Each structure stands twice: as structure tokens, then as C-alpha cells.
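**Student:** based on what follows, work out the 3D shape:
(2 chains)
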Amino acid sequence: GESVGLHLPTLSVQEGDNSIINCAYSNSASDYFIWYKQESGKGPQFIIDIRSNMDKRQGQRVTVLLNKTVKHLSLQIAATQPGDSAVYFCAENTMAGGTSYGKLTFGQGTILTVHP
Amino acid sequence: DTGVSQNPRHKITKRGQNVTFRCDPISEHNRLYWYRQTLGQGPEFLTYFQNEAQLEKSRLLSDRFSAERPKGSFSTLEIQRTEQGDSAMYLCASSFSRGQETQYFGPGTRLLVL
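**Tutor:** Residues are numbered from 1 along each chain as shown, chains lettered A, B, ... in the order given. Predicted coordinates:
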């Protein structure tokens, strides 16, 4: 069936470097994308989202880029810190019934390790 | 704490026993979702409610699983006759149904079936 997947299962960076985490999706009907951060033993924590009518959105130290042509989105983390070490998931949502969003479909996740 | 809360945080049970988990959503949110997550995987959707109504159930939700949200506030997820394959993290999330529909997750309930 339709799925959201990640290119790289692990990413190791030095503190202060910029990190880029990639995600490919296959459902062309997807119109809302979210990045979550999950630390060990905790639930996913919302980072940033983007709707399909945008190609870029910036938050605090994070930027999400969406390329609908190739069904790809990425999460850029500037000046990565040890506290950013976690598993990062992209998730996809689709307008259900033309009125609102329903369930999320998650990818497998990328493990980000930041070395001091 | 005004976030999503889940209880218990951990549950160990023997195969064949019934277990029940509780989720308290963010108070203003009218939607509540249940997901299951196994090690190394992303969360998988199980079911969700809008107010008291259960709007969608996944094929993953076998007849041993039942979820309720009787008053449109907290929800319970019950697993009957647990199997070892039910061992997972059970996550609850909540959101608004219109406007800001971001789903915010609770800390999860980790279930181990022996």
C-alpha cells in the first residue's frame, strides 16, 4: 500500500554541524507532512509541519523542504546539538472526506546521533 | 502538565490475560488517536475518535482490541486474551478536527506480554 519511507536509517554528525534528514513518500494525495522527534522511552514530539501548498517552512533551528515533483521532503537542523540526538520520523496525512485530516502514516525513522 | 497523559506507563502481563490502557487527551482537543509502535518502526495507526464517535479502525485492530471514548474526553484501549505479538508501545495522540490539526502524542504505554 501507500507508505512513507526514509532514505537513511542512521545519521551521525558533530556538534555544531548542520543535519539533513530525508524522507520519501509515495502517496501522491498526501497534502500535509509532519516531522516528529522521538527520544528513547518517550512519545513522538512535534517539530514542524508543512502543507502541500508550500515548499519551505522554517522554525527555530529547523527547516522543512517539500518537493512534490519527486515526492520528497527533508528536515534540516542547524547547529546540531547533543540534545537533538533522537529518532526522527516523517509522517504524512491526507484530507479525509475532503473536510479534515485523519490518521498519520509514519515512515521507519532516522536515528540521529550528535557527537560533542 | 496540560499535555496528553497515558496510564499505566508500563504493563507486564501473561499471555491470555486482558489489559486496559487509559489516555487523557489535551482538554480542548476533540479528536483522540491510538497508535501502536514496535521497536525500530514508526507508529502504526489503530483507531481514532471525534468526540464520542469512533470514526476509523485499522485492519490491525483485531476483534481482541476494543477502544472507547464514552464521554468524549478520556479513552480506554482494551486488549483481550493478550498474545506475545501484542507486545509494543501503545501511543495516544489528540488534536483538533479543524484548523490546527497537529497531533500531539502522549508518553505511551509499553506492554510486554510474557
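
**Student:** can you pull out the residues in contact with stretch B:81-90?
**Tutor:** B:6, B:13-19, B:21, B:34-38, B:64, B:77, B:79, B:108-114 (CB atoms under 8 Å, 6 or more residues apart in numbering or on different chains). For the C-beta atoms, the positions are set from N, CA and C on the backbone; glycine is no exception.

**Student:** those also near chain A: which ones?
**Tutor:** Applying CB under 8 Å from any CB of the partner chain to the contacts of stretch B:81-90, one finds that B:35, B:108, B:110 fall near chain A.

**Student:** pretty sure the last one sits against residue B:7.
**Tutor:** Going back to what we said before, that points to residue B:110. No. Applying CB atoms under 8 Å as the test, residue B:110 and residue B:7 come out as separate, 12.0 Å apart.

**Student:** for the chain, just list every one of the strands.
**Tutor:** If you meant another chain, say so; for now it's chain A. Secondary structure of chain A (DSSP state E): strands at A:4-5, A:10-14, A:19-25, A:32-38, A:45-51, A:56-58, A:62-67, A:72-77, A:86-93, A:95-96, A:100-101, A:105-106, A:110-115.

**Student:** not what I meant, chain B
**Tutor:** B:5-7, B:10-13, B:19-24, B:31-37, B:44-50, B:53-57, B:65-68, B:75-79, B:88-95, B:104-105, B:109-113.

**Student:** name whatever forms a beta bridge with residue A:34.
**Tutor:** Beta bridges link residue A:34 to residue A:49, residue A:91 when assigned by DSSP bridges.

**Student:** what's the answer for residue A:75, then?
**Tutor:** According to DSSP bridges, beta-bridge pairing links residue A:75 with residue A:21, residue A:64.

**Student:** name the nearest residue to whichever residue of chain A sits closest to chain B, ignoring sequence neighbours.
**Tutor:** In chain A, the residue that lies nearest chain B is residue A:106 (3.0 Å; CB to the nearest CB). Of all residues not flanking residue A:106 in the chain, residue B:42 sits nearest, at 3.0 Å (CB to CB, 6 or more residues apart in numbering or on different chains).

**Student:** cool, and residue B:31?
**Tutor:** Counting by CB to CB, 6+ apart, residue B:31 lies nearest to residue B:95, which is 4.7 Å off, once chain neighbours are set aside.

**Student:** so where's chain A shaky on pLDDT?
**Tutor:** Residue ranges of chain A with pLDDT under 70: A:1-8, A:96-100.

**Student:** who in it is up against chain B?
**Tutor:** A:4, A:32, A:34, A:36, A:41-46, A:49, A:89, A:91, A:93, A:96, A:100-109.

**Student:** buried members of the residues you listed into PyMOL, please.
**Tutor:** Selection of buried members from those for PyMOL, criterion 16 or more other CB atoms under 10 Å in any protein chain shown:
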select buried, chain A and resi 4+32+34+36+43+44+49+89+91+93+100+101+102+103+104+105+106+107+108+109
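
**Student:** and residue B:8, what is it in contact with?
**Tutor:** B:21, B:109.

**Student:** what's it sitting at in phi/psi?
**Tutor:** Dihedral pair for residue B:8: phi -70, psi 170, per degrees, to the nearest 10.

**Student:** mind putting the strands of chain B into JSON lines with mean pLDDT and mean neighbour count?
**Tutor:** JSON lines is the format used below for the strands of chain B (pLDDT from 0 to 100; neighbours: other CB atoms under 10 Å in any protein chain shown):
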{"stretch": "strand B:5-7", "mean pLDDT": "98", "mean neighbour count": "17"}
{"stretch": "strand B:10-13", "mean pLDDT": "98", "mean neighbour count": "14"}
{"stretch": "strand B:19-24", "mean pLDDT": "98", "mean neighbour count": "18"}
{"stretch": "strand B:31-37", "mean pLDDT": "96", "mean neighbour count": "25"}
{"stretch": "strand B:44-50", "mean pLDDT": "95", "mean neighbour count": "21"}
{"stretch": "strand B:53-57", "mean pLDDT": "93", "mean neighbour count": "14"}
{"stretch": "strand B:65-68", "mean pLDDT": "96", "mean neighbour count": "17"}
{"stretch": "strand B:75-79", "mean pLDDT": "98", "mean neighbour count": "19"}
{"stretch": "strand B:88-95", "mean pLDDT": "97", "mean neighbour count": "25"}
{"stretch": "strand B:104-105", "mean pLDDT": "96", "mean neighbour count": "22"}
{"stretch": "strand B:109-113", "mean pLDDT": "98", "mean neighbour count": "18"}
